[in-house]
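Novice: Structure of the sequence below:
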Amino acid sequence: MKLKNRVALVTGASRGIGKGIAVAFARAGADIIFTYHRNQQAALETKAELEALGAKVLMSQTDSADQAAIVRLRDEVKNSFGRVNILVNNAGTIGEELPCVDMPVEEFDRVLNCDLRGVFLFCKNFIPLISKEPVGKIINITSELSFKGRANYIPYVTAKTGLNGLSRCLAYELAPDILVNSIAPGPIETDMILADMDPEWLEKEKNIPLQRLGKVEEIAAAALLLASDEGNFFCGQIISPNGGAVFT
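Specialist: Numbering: from 1, shown residues only. The predicted structure follows:
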């Protein structure tokens, strides 16, 4: 029970990596607040699974780019829990796969609003609620593509690269009371990836030293390390479970 008596907020946790992290935290004893964007059925299923693990759960439909919605959530969390010990900024979108000259400005703005501005907004509003006893934790989910880039993914890679910089700045600002670190996953086997990508794309993603996609549980394990007391000497780091897709 590494997270017993702690409260974790995980954004974008109705499915995929966010859900995996929320489940791992609940198993470790944490109460969970999680957000979702549109998929209410998946969110309800996640809520039931977390409650079955014994967690107190608050589920919130919140747009990560909406300042007013995040303020409302902050006030609800303050009234219901009084504090947050761990903030995991996971909510994000990949966006359209297009070359620069064909990328609509609106699509560029949409992805950056969600993947970068949204993290800033959650940090801005929730840092005052993060308990410093024990040391607070912020974990930002970035991407291995922020190290190496990829053609036709300019908004996503730009946002995740910016998130690396935001995380480092926060790490300096908040240490030693709140420790800020990031996780930069490589290609991960999520339901969204399996549903949206064709077999050829999936096989191409496996062309890395470990010759497979990563598992959600492997990312959740890294998050649990950082969130627990075992991660108390990590500050300003980017952990990248990526199967050798890029060496950092």
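Novice: and the gap between residue 217 and residue 20?
Specialist: Taking CB to CB, to the nearest Å as the measure, residue 217 falls 6 Å from residue 20. For the C-beta atoms, the positions are set from N, CA and C on the backbone; glycine is no exception.
Novice: sorry, that was for residue 162
Specialist: Between residue 162 and residue 20 the distance, using CB to CB, works out to 24 Å.
Novice: and these two? which has more neighbours close in?
Specialist: In this view residue 162 and residue 20 are compared by other CB atoms under 10 Å, and residue 20 has more residues nearby, 23 against 18.
Novice: list the contacts for the residue nearest to that one when sequence neighbours are not counted?
Specialist: Nearest residue to residue 20 in three dimensions, chain neighbours excluded: residue 216, at 3.7 Å (CB to CB, 6 or more residues apart in numbering). Each residue near residue 216 by CB atoms under 8 Å, 6 or more residues apart in numbering is listed here: 16-17, 19-20, 188-190.
Novice: Let me know the pLDDT of residue 216.
Specialist: What the model reports for residue 216 is a pLDDT of 97.
Novice: likewise the one 10 residues further on?
Specialist: At residue 226, the model reports a pLDDT of 98.
Novice: For the helix or strand harbouring it, buried residues please.
Specialist: Assessed by DSSP states H and E, residue 226 sits inside helix 216-227. Within helix 216-227, the residues scored as buried using 16 or more other CB atoms under 10 Å are 216, 218-220, 222-227.
Novice: Turn the residues you listed into CSV, including distance to residue 80.
Specialist: Supplementary listing: these in CSV, determined by distance: CB to CB, whole Å:
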residue, distance to residue 80
216, 27
218, 31
219, 27
220, 24
222, 28
223, 23
224, 23
225, 27
226, 25
227, 20
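Novice: For residue 183, list each beta-bridge partner.
Specialist: For residue 183, the beta-bridge partners are residue 141, residue 239 (DSSP bridges).
Novice: looking at this structure, which helix or strand is least sure?
Specialist: Averaged element by element with mean pLDDT, DSSP states H and E, the chain has its least confident helix or strand at helix 191-196 (a mean of 72).
Novice: wait, doesn't residue 120 sit right on residue 163?
Specialist: No. With contact taken as CB atoms under 8 Å, residue 120 and residue 163 are classed as non-touching, separated by 9.1 Å.
Novice: Which of these two has more residues huddled nearby?
Specialist: Summary of the neighbour comparison: residue 120 and residue 163, criterion other CB under 10 Å, with residue 163 having more neighbours (25 against 15).
Novice: who's in contact with the more buried one?
Specialist: Counting by CB under 8 Å, 6+ apart, residue 163 touches 115-116, 119, 140, 142, 146, 182.
Novice: Sweet, I'm off.
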